[in-house]
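**Student:** 3D, please:
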Amino acid sequence: MADFEPVLKAVVPVAGLGTRFLPATKATPKEMLPIVDKPAIQYVVEEAVNAGLVDVLMITGRSKRSIEDHFDRAYELEEALRAKGDEDRLASVCKSSDLAIMHYVRQGEPKGLGHAVLCARQHVGDEPFAVLLGDDMIDHRDPLLTRMMDVRSRLGGSVVALMEVDPDQVSSYGVAAIEATDEDDVVKITDLVEKPPQDEAPSNWIIIGRYVCDPRVFEVLDRTPPGRGGEIQLTDALLTLARMPVEEGGTVYGVKFRGRRYDTGNKQEYLRTVVQFAAERPDLAPEFMPWLREFVRKNRDGSPGES
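**Tutor:** Residues are numbered from 1 along each chain as shown. This next block holds a predicted model:
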């Protein structure tokens, strides 16, 4: 079986405006909104690092400077914590700056995910690479990205992450038509449709925010015209690759993910994520969970509770 070039670099698009969270995101990137006490984007970078990807390129935009600052050293803060002997907080502050080798490039114009990925071309070069979307968080106990990289190393081509949803949800996502392979959780992609009506969806397996891309995707994106919303869609480029032979950088596989995913791109899911993470924290759960149970009990009838 062929051994394909290993994936060594991660690309994380973070140039979105975060309009669903206004006014909080007027001056703060949505990626910096905290999940308890750590910004969402740090969980994404940690996922890449845990999969062995320590070279991380952020595709940023205007007003995203605080993301760069978060992954940089904060000498005055470190010295203040060190002087207080606050070793735990000092370690947490230093961790973000020591996670990975961070790079940044600005997208310039919001022309879609495909255009954001194209902005990584010079940095990535002629190598396969992973794309992690900041709105999607994958639980650290579910090594999805590692599995996707394994599929790429053995089969080549590009690999997308798929998750099964109820049929009434397909119109909000890119949806894949799939063919089975010899591996239970691996399928071959035969078609990709962006946000189809429910009755036109080829399946109820949606693409979630993890991709492992063959470098040929850059050539395809370069000639991919704007699609839905006037944006260059990554799914359009992947569909083109799916119809190409693997020796030309084509073929797209899907990994069926049945683990824990947190969608922080909308308010309801963001709030659920914060509660779930707090409920699993040993330093918070002993006090938080009894309060939460009491809050739910008091508000079961819809009456306002105490804050």
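**Student:** flag the shaky bits of the stretch 151-300 of the chain, pLDDT-wise.
**Tutor:** Scanning the stretch 151-300 of the chain for pLDDT under 70 picks out the ranges 249.
**Student:** pretty sure Leu17 sits against Arg62.
**Tutor:** No. Under the criterion of CB atoms under 8 Å, Leu17 makes no contact with Arg62, lying 9.4 Å away. (Each C-beta comes from the backbone N, C-alpha and C, glycine too.)
**Student:** looking at the two, which is more packed in?
**Tutor:** Ranked by neighbour count (other CB atoms under 10 Å), Leu17 and Arg62 place Leu17 first, with 15 against 10.
**Student:** show the pLDDT at the more buried one.
**Tutor:** At Leu17, the pLDDT value in this model is 82.
**Student:** enumerate every residue touching it.
**Tutor:** Residues near Leu17 by CB atoms under 8 Å, 6 or more residues apart in numbering: Thr25, Gly61, Pro110.
**Student:** measure it to Pro110 for me?
**Tutor:** As defined by CB to CB, to the nearest Å, Leu17 lies at a distance of 7 Å from Pro110.
**Student:** where do the contact lists of those two overlap?
**Tutor:** Common neighbours of Leu17 and Pro110 (CB under 8 Å, 6+ apart) are Gly61.
**Student:** which of the contacts of Leu17 sits closest to Ser158?
**Tutor:** The closest of these to Ser158 turns out to be Pro110 (CB to CB; 23.7 Å).
**Student:** just the element for the nearest residue to that closest one once chain neighbours are set aside, please.
**Tutor:** For Pro110, ignoring the flanking residues on the chain, the nearest one in space by CB to CB, 6 or more residues apart in numbering is Ala15 at 6.5 Å. For Ala15, there is no host helix or strand (DSSP states H and E).
**Student:** which phi and psi does Ala15 have?
**Tutor:** In terms of degrees, to the nearest 10, the main-chain angles of Ala15 are phi -90, psi 0.
**Student:** can you give me every residue that contacts it?
**Tutor:** Contacts of Ala15 (CB under 8 Å, 6+ apart): Ile59, Thr60, Gly61, Lys64, Arg106, Gln107, Pro110, Ala116.
**Student:** now those residues in a markdown table, with distance to Thr251, pLDDT and neighbour count?
**Tutor:** Shown next, in a markdown table, are the contacts of Ala15 (distance: CB to CB, whole Å; pLDDT from 0 to 100; neighbours: other CB atoms under 10 Å):
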| residue | distance to Thr251 | pLDDT | neighbour count |
| --- | --- | --- | --- |
| Ile59 | 25 | 95 | 26 |
| Thr60 | 31 | 93 | 22 |
| Gly61 | 32 | 88 | 17 |
| Lys64 | 34 | 88 | 23 |
| Arg106 | 32 | 93 | 13 |
| Gln107 | 28 | 91 | 22 |
| Pro110 | 30 | 79 | 13 |
| Ala116 | 23 | 95 | 27 |
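**Student:** narrow those residues to those in helices?
**Tutor:** The helices, defined by DSSP state H, take in Ala116 from the contacts of Ala15.
**Student:** and which of the contacts of Ala15 is nearest Glu280?
**Tutor:** Once CB to CB is applied, the member of these that ends up nearest Glu280 is Lys64, at 29.1 Å.
**Student:** can you pull the contacts of that closest one?
**Tutor:** Contacts here follow CB under 8 Å, 6+ apart; on that basis Lys64 touches Val14, Ala15, Pro29, Glu31, Met58.
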